[in-house]
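Visitor: pasting the structure only:
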């Protein structure tokens with residue numbers, strides 16, 4: 001399988017299959033790794049699945065495999081090798097020595113893409129902290145500049161500290177500075193979140209595997225104009241916009257960073273502040289790419305990350321599945337998806353909705369499902385209001401769903417029935433306590 005993109009660096013992509021690895025997803029993983037390489041601007045001149053009988057502590061691959069791969073690298077004139085697995089610092093260094101090319105493991109590849117895509121101050125700080133955490137473990141004694149620096153003057157000079165110790169000290173200092181800056185950003189984000197919660201509007205977080213179409217769906221719902229491209233990690237910095245649901249209820253929808261198989265722990269730690277949007281959402285909408293042959297595997301990966309973040313149905317957080325990209329399916333496949341969605345919803349009790357974020361098909365039904373899920377905790381309020389209290393009816397129209405609003409032609413009395421979300425019902429009681437105490441039915 002060969003994929004090309006305009007680039008000056010030729011790369012061989014290798015997806016290793018160590019003992020006990022699930023081989024059923026190997027093709028999907030290889031295609032994904034190639035896509036990540038291309039997203040970084042590399043030219044994936046070849047991509048292969050390489051079985052590994054035994055993992056070598058020093059080189060990952062055995063001697064025979066090392067030689068075979070070296071010959072392939074030379075034949076392809078590759079200048080870089082992407083290993084779709086986590087490598088230890090020693091393994092990465094030894095492979096670079098043996099093959100005389102740049103070797104990038106999966107963690108390094110994803111970190112590089114994140115570094116290119118981050119746009120906001122917070123995103124840049126998070127990526128830089130994750131990158132330094134990764135690089136700190138890569139400080140190995142390889143070059144002569146890592147020898148001890150002499151301290152003092154002339155022949156009385158002491159041995160001083162090693163260059164590697166200096167590098168580690170400088171890295172530790174820079175990481176501490178980044179953490180302080182991130183903490184300040186986190187406090188600012190927390191203030192913004194507190195203000196939004198005080199509104200108070202329910203929050204909906206779009207989650208899913210990278211490139212599942214979350215940003216396209218977000219733009220469809222909010223007309224926000226967020227960057228949406230057919231490439232991994234197009235979105236790193238979360239965006240929040242207000243949306244009106246069919247009932248008139250106002251909600252906040254957030255577009256979040258995409259998940260991925262074996263998401264580096266450095267990134268999960270660094271992006272924890274950003275992912276608070278997911279943890280504190282009232283409802284999660286899991287956007288899935290149904291045109292992806294490995295969509296079931298991708299679903300499991302997303303659920304694994306949600307579990308790591310203490311999110312999702314297991315933690316009492318409602319979840320709705322949006323089966324996206326049905327516009328890419330033929331008629332027969334689309335019918336199968338609709339049928340499968342009904343079965344999945346009946347078996348798992350999870351609301352499932354086939355949609356196309358590109359064409360808008362199914363999006364209205366998805367919004368109705370979100371509306372219904374939020375409405376489960378609504379409170380019904382029925383009031384008989386004199387004409388001079390029309391501002392109360394106006395408040396209900398603005399903040400709730402008015403089921404009926406009738407005015408008596410003779411007396412001008414208003415009878416209004418409305419549904420309010422829990423927080424709005426509390427605000428209503430606080431604001432109009434006197435009305436309720438006068439015998440209004442609520």
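Guide: The structure has been received and is ready for your questions. Note that the coordinates shown come from a computational prediction; the quantities given were computed from them, not determined experimentally.
Visitor: Neighbours of residue 96, how many?
Guide: Neighbourhood size, residue 96 [other CB atoms under 10 Å]: 16. Yep, even glycine has a C-beta here, placed from its N, CA and C like the rest.
Visitor: swap in residue 383?
Guide: 21.
Visitor: Quick check: it vs residue 111, distance?
Guide: Going from residue 383 to residue 111 by CB to CB, to the nearest Å gives 57 Å.
Visitor: which residues are in contact with stretch 352-372?
Guide: 204, 213, 216-217, 219-221, 243, 245-247, 249, 251, 283, 285, 287, 290, 320-327, 334, 337-338, 341-342, 344-345, 351 (CB atoms under 8 Å, 6 or more residues apart in numbering).
Visitor: where are the low-confidence patches of the stretch 201-350 of the chain?
Guide: Along the stretch 201-350 of the chain, the model assigns pLDDT under 70 to residues 224-238, 264-267, 269-274.
Visitor: quick one: the helices in it?
Guide: 214-222, 265-270, 276-279, 295-308, 331-348 (DSSP state H, counting those that start in this stretch).
Visitor: tell me the most buried of those helices?
Guide: helix 214-222 (a mean of 23; mean count of other CB atoms under 10 Å).
Visitor: So what's the gap between that helix and the chain middle?
Guide: 14 Å (CA atoms, centre = their mean, to the nearest Å).
Visitor: cool, stretch 59-73 as well?
Guide: For stretch 59-73, the distance to the chain centre is 35 Å (CA atoms, centre = their mean).
Visitor: can you check stretch 330-342 too?
Guide: 27 Å.
Visitor: what comes into contact with that stretch?
Guide: 290, 323, 326, 329, 352, 353, 354.
Visitor: Now for the fourth one, how many residues are close by?
Guide: Residue 329 has 16 neighbouring residues, counting by other CB under 10 Å.
Visitor: Could you verify my assumption that it touches residue 293?
Guide: No: Residue 329 is beyond contact range of residue 293, at 11.8 Å (criterion: CB atoms under 8 Å).
Visitor: all strands for the stretch 251-400 of the chain, in order.
Guide: Counting by DSSP state E, counting those that start in this stretch, the stretch 251-400 of the chain has strands at residues 283-289, 319-324, 351-354, 379-385.
Visitor: Would you tell me which of those strands gets closest to residue 23?
Guide: strand 283-289 (22.0 Å; CB to CB).
Visitor: Between helix 214-222 and that closest one, find me the angle.
Guide: Per axes from the mean of the first three to the mean of the last three CA atoms, to 10 degrees, the angle that strand 283-289 makes with helix 214-222 is 120 degrees.
Visitor: Buried residues in strand 283-289, which are they?
Guide: 283, 284, 285, 286, 287, 288, 289 (16 or more other CB atoms under 10 Å).
Visitor: Ok, which of the strands of the stretch 251-400 of the chain comes nearest residue 182?
Guide: So among these, strand 283-289 is nearest, using CB to CB, at 24.6 Å.
Visitor: between the closest one and strand 319-324, what angle do the directions make?
Guide: 30 degrees.
Visitor: Among the buried residues of strand 283-289, pick out the one closest to residue 401, please.
Guide: When those are ranked by distance to residue 401 (CB to CB), residue 283 comes first, at 16.9 Å.
Visitor: Quick check, that closest one in contact with residue 318.
Guide: Yes: taking CB under 8 Å as the definition, residue 283 is a contact partner of residue 318 at 4.8 Å.
Visitor: quick revisit: which one of the buried residues of strand 283-289 is nearest residue 414?
Guide: Of the buried residues of strand 283-289, the one sitting nearest to residue 414 (CB to CB) turns out to be residue 283, at 32.9 Å.
Visitor: Enumerate the beta-bridge partners assigned to the closest one.
Guide: residue 204 (DSSP bridges).
Visitor: again, but for the one 5 residues further on
Guide: Beta-bridge pairing of residue 288 under DSSP bridges involves residue 323.
Visitor: measure it to residue 366 for me?
Guide: Residue 288 is 12 Å from residue 366, by CB to CB.
Visitor: Report the set of residues contacting both of the two.
Guide: Joint contacts of residue 288 and residue 366 (CB under 8 Å, 6+ apart) are residue 322.
Visitor: and residue 68, how many neighbours?
Guide: 13.
Visitor: which residues of the stretch 51-200 of the chain score low on pLDDT?
Guide: 118-120, 139-165, 189-200.
Visitor: isn't residue 181 right next to residue 125, touching?
Guide: Yes: at 5.5 Å, residue 181 counts as touching residue 125 under the criterion of CB under 8 Å.
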